[in-house]
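> Quick one: sequence plus predicted model below, questions after.
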Amino acid sequence: MKVRKSKVIGFIVADITNPFSVATLRGVEEICDEYGYSIMVCNTDNRPEKTGNAPKAECTLY
């Protein structure tokens, strides 16, 4: 059986406008670039109910 890898990493952030979130995302992106990975970002807007749906939404893309 052959396994296919997407080389995409999901990044769930509470507030995309928060400077810490931006700095963290940029650091993760740099490392991912080095290894040939891409990032998919999900912003929850500090709404816990969106956190549960984010992984489901990302998984349906593949």
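The structure has been received and is ready for your questions. Residues are numbered from 1 along each chain as shown.
> in stretch 29-49, what's buried?
Neighbour-count burial for stretch 29-49, counted by 16 or more other C-beta atoms under 10 Å, picks out E29, C32, V41, C42, N43, T44. To be clear about C-beta, it is placed using only N, CA and C from the backbone, and glycine gets the same treatment.
> Relative to I16, which of those residues is nearest.
N43 (4.2 Å; C-beta to C-beta).
> Grab the nearest non-local neighbour of that closest one.
Leaving aside its sequence neighbours, N43 sits nearest to I16 (C-beta to C-beta, 6 or more residues apart in numbering; 4.2 Å).
> Pretty sure that neighbour sits against C42.
No: with contact defined as C-beta atoms under 8 Å, I16 does not reach C42; the gap is 9.3 Å.
> What residue, apart from its backbone neighbours, is nearest V22 spatially?
I16 is the one closest to V22 (C-beta to C-beta, 6+ apart), at 7.3 Å.
> in which helix or strand would I find the residue nearest the centre of the chain?
Geometric centre of the chain, nearest residue: F11, 2.0 Å, by C-alpha atoms, centre = their mean. Taking DSSP states H and E as the criterion, the element that holds F11 is strand 8-13.
> Same check on V28?
Going by DSSP H and E, V28 is in helix 19-35.
> One more: M40?
Going by DSSP H and E, M40 is part of strand 38-43.
> Could you spell out the sheet neighbours of that strand, each with its direction?
Note on strand 38-43: by DSSP bridges, its sheet partners are strand 8-13 (parallel).
> gap between the partner strand and the chain center?
Distance, stretch centre to chain centre, for strand 8-13: 1 Å (C-alpha atoms, centre = their mean, to the nearest Å).
> Determine which two of the buried residues of stretch 29-49 are furthest apart.
C32 and T44 (20.4 Å).
> Now do the SS call for T17.
Under DSSP: H, G, I helix; E, B strand; the rest coil, T17 falls in the coil class.
> what's the burial count for it?
9 (other C-beta atoms under 10 Å).
> Also P19?
P19 has 8 nearby residues by other C-beta under 10 Å.
> Over to V13?
As a measure of burial, V13 has 19 neighbours, counting by other C-beta under 10 Å.
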